[in-house]
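Undergrad: sequence isn't available, so here's the structure alone:
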């Protein structure tokens, strides 16, 4: 049976390995990206390329969006030369981007009204390596019917797909995970900073907490990198400026005060403002050092 | 070889099972507590009892303090009929209480100056069951010499003893663990509350996060109890009012701003102020519901 034709909008850090994987799984992929070098990379990975989102979407069975910001998804969906002018039912739009849940609901409603097409929000968890080898986790929102149609594709890129409810639910789940991730990284930095100021061995402290009730996945993963001056970047400070920004934007829309998310956001913002936005997110600890001083009290 | 004579000040929720365990391990234990019913319970567990902290300490090889607040430890150590008037070197004081690290350093210095006795801060992690069966974790501060003398006793009550440094270091480590525990419980409540307002299934959300980067020990333990209206109390809201209070008091002494600890403290305080201080600490989620409303946005 012939695999679907895919219009793939956004072949960046995550989109390129996912598009490349779809090519190797037999899909016919037409890619578009605003960056010319990403288009070159997509061609090298076996995709066709198009001159616009509109052109990539035209005639595709499934249109994938995989973009870095809420605004980029809005532009690709509804902007000039966006997919809206090319799609019509039964085409289906799958958005792998991490954006505001409320925006996904708005875009889905507008596209359905204008074109009849369905929309699935399918934010992923897992980095570029998982994107390349099909071991991502997908949190999906959309109608059961749309999700059933997209499922073969989702299962080609992810090891685990959870359907959480209507459009926006996948993004709500992703947002809740990112809320916890962001707060846990900042909490780990706060704890490590207290330890360094109290003169307690950070290595011993890390060992004790790792087998205690204070443990978290982030403590295990980011904690050791907080003890390094310039660790390799696995995920940057500015990613949490973005993701906690989504949490707080969505909280504002829902009129929800979220004191811990807000406090954590200030520390990531401060770290970024101090010039460490591209540093590993463990380096949010530098904002604590700037705030309170580096040295033992 | 004859086991040491122990003066045991404070036979409450943790002290009683620990004192009882020491009796069964062959120590001669003389207990004191301000509550008469705790003294009765200590006698039933095989301890002698004394009329004051001073009397319990007199002639003991090791004097143990196991009290609920920083102020209670100060009173037992230096107050009227406190241990100060009964002890002299080579007696050794072991404090299992969770108090401010700075206060432990002050008390240790005053006792040493007045009586020559050593002081070990040895806060424990693990609840009453672990206290009864000798599987606690002890985080210890004190001189290497004092710790070597106390080690047989510590190993009789704990499965794991870590020596972190001079007096106060054990409490600093405990405080750092409690900082993380308190922030993680409040973060879990914040995340669960966003999920309930966003209309995402809490059960599904709990499953997803449990295998994602947002996971924490507290999410696994307290998360399911946040979905219950009136869960059994394993540790009360007011315990974190106390323990985050120690974190913030010590932060104030050290002139350290701790934004996440401060935000988490406000939520535990609010939960307590709403009348839920004796409820399970998972019920800090009630403060979020009071703040933002219970219902879906």
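TA: Received the coordinates, thanks. If you're wondering where the values come from, they're calculated on a predicted model, not measured in any experiment.

Undergrad: the strands in the stretch 1-150 of chain A, which residues?
TA: If DSSP state E, counting those that start in this stretch is used as the criterion, the strands of the stretch 1-150 of chain A fall at A:5-9, A:28-32, A:48-49, A:62-65, A:92-95, A:118-121, A:124-125, A:136-141.

Undergrad: and these as TSV, adding mean pLDDT, distance to chain B and mean neighbour count?
TA: To be clear about C-beta, it is placed using only N, CA and C from the backbone, and glycine gets the same treatment. As requested, the strands of the stretch 1-150 of chain A are arranged in TSV below (pLDDT from 0 to 100; distance: least, CB to the nearest CB, whole Å; neighbours: other CB atoms under 10 Å in any protein chain shown):
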stretch	mean pLDDT	distance to chain B	mean neighbour count
strand A:5-9	98	25	26
strand A:28-32	98	28	24
strand A:48-49	98	33	18
strand A:62-65	98	21	26
strand A:92-95	98	17	27
strand A:118-121	98	12	28
strand A:124-125	92	6	23
strand A:136-141	96	7	26
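
Undergrad: include distance to residue B:89 when you put those into CSV, please.
TA: Listed next are the strands of the stretch 1-150 of chain A as CSV, based on distance: least, CB to CB, whole Å:
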stretch, distance to residue B:89
strand A:5-9, 77
strand A:28-32, 78
strand A:48-49, 82
strand A:62-65, 74
strand A:92-95, 72
strand A:118-121, 69
strand A:124-125, 59
strand A:136-141, 61
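
Undergrad: for residue A:234, find the nearest of those strands.
TA: Closest to residue A:234 of those, according to CB to CB: strand A:124-125, at 13.8 Å.

Undergrad: who does the closest one pair up with?
TA: Strand pairing for strand A:124-125, using DSSP bridges, gives strand A:136-141 (antiparallel).

Undergrad: now the strand it pairs with, how far from the centre of its chain.
TA: In terms of CA atoms, centre = their mean, to the nearest Å, the centre of strand A:136-141 is set 11 Å apart from its chain centre.

Undergrad: neighbours of the residue nearest to residue A:50 when sequence neighbours are not counted, just the number please.
TA: Excluding its sequence neighbours, the residue lying closest to residue A:50 (CB to CB, 6 or more residues apart in numbering or on different chains) is residue A:56, at 3.9 Å. When neighbours are defined as other CB atoms under 10 Å in any protein chain shown, residue A:56 has 28 of them.

Undergrad: what of residue A:195?
TA: The criterion is other CB under 10 Å. On that basis, residue A:195 has 25 neighbouring residues.

Undergrad: got a pLDDT number for it?
TA: Predicted confidence (pLDDT) for residue A:195: 95.

Undergrad: right, is the helix or strand encompassing it up against chain B?
TA: Using DSSP states H and E, residue A:195 sits within helix A:169-198. Yes - contact of helix A:169-198 with chain B (CB under 8 Å from any CB of the partner chain) involves A:169, A:172-173, A:175-181, A:183-184, A:186-188, A:190-191, A:193-195, A:197-198.

Undergrad: run the chain-centre distance for that helix.
TA: Worked out by CA atoms, centre = their mean, helix A:169-198 lies 16 Å from the chain centre.

Undergrad: and the helix or strand of chain A with the lowest mean pLDDT, does that touch chain B?
TA: When the helices and strands of chain A are scored by mean pLDDT, DSSP states H and E, helix A:128-133 comes last with a mean of 89. No - using CB under 8 Å from any CB, helix A:128-133 never reaches chain B; the gap is at least 11.6 Å.

Undergrad: over to stretch A:158-168?
TA: Yes - Stretch A:158-168 comes into contact with chain B (CB under 8 Å from any CB), by way of A:160, A:162, A:164-165.
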